[in-house]
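Undergrad: Sequence first, predicted model second:
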Amino acid sequence: MRKVLIVFLLIVCNASAITHRATLRWNRGNYPASVQYRVYRSRSKTGTYTRLAQITVPSYVDTAVSKGVTYWYFVTAYNTVTKCESVNSNIVSTKIP
């Protein structure tokens, strides 16, 4: 029997013109310590998303961005014990100034 991890994450994204980066933050919620977060990015809302990171903290700074480009992001929760990944969070975008 496969266990399913269902988590709803609301993320926000801000861009910085000074250092060309996008900062994402979200609420951790009451999840077990075994839950990590996977951050995904695309150059279009309906495009192919690439996983950027698997992290334990509810924030991520993307420094591999280019000036003038719009990026789209979502986050999932991933349980390292059950190997289950949640549904995608809301999708957010930001244009790097």
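TA: Cool, got the structure.
Undergrad: Could you give the number of residues near A22?
TA: 23 (other Cβ atoms under 10 Å). Placement of C-beta: from N, CA and C, glycine included.
Undergrad: where's T94, which helix or strand?
TA: Using DSSP states H and E, T94 falls within strand 92-95.
Undergrad: Can you list the strands that that strand pairs with?
TA: strand 70-79 (antiparallel) (DSSP bridges).
Undergrad: Would you mind measuring from A22 to V61?
TA: Going from A22 to V61 by Cβ to Cβ, to the nearest Å gives 7 Å.
Undergrad: end to end, how far does stretch 54-64 reach?
TA: One end of stretch 54-64 to the other measures 16 Å (Cα to Cα, to the nearest Å).
Undergrad: Which residues does that stretch contact?
TA: 19-28, 36-39, 41, 52-53, 71, 73, 75, 78 (Cβ atoms under 8 Å, 6 or more residues apart in numbering).
Undergrad: Averaged pLDDT, it. What do you get?
TA: Stretch 54-64 shows a mean pLDDT of 93 in the predicted model.
Undergrad: List the buried residues for it?
TA: 58, 60, 62 (16 or more other Cβ atoms under 10 Å).
Undergrad: okay, whichever strand or helix holds the second one in PDB with CA atoms only?
TA: When secondary structure is defined by DSSP H and E, Y60 falls within strand 59-62. Coordinates of the C-alpha atoms in strand 59-62 are reproduced here as PDB (Å, rounded to 0.1, in the frame of the first residue of the first chain):
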ATOM      1  CA  SER A  59      12.900  29.400   2.000                       C
ATOM      2  CA  TYR A  60      15.200  29.400  -1.000                       C
ATOM      3  CA  VAL A  61      17.300  32.000  -2.800                       C
ATOM      4  CA  ASP A  62      17.700  31.400  -6.500                       C
END
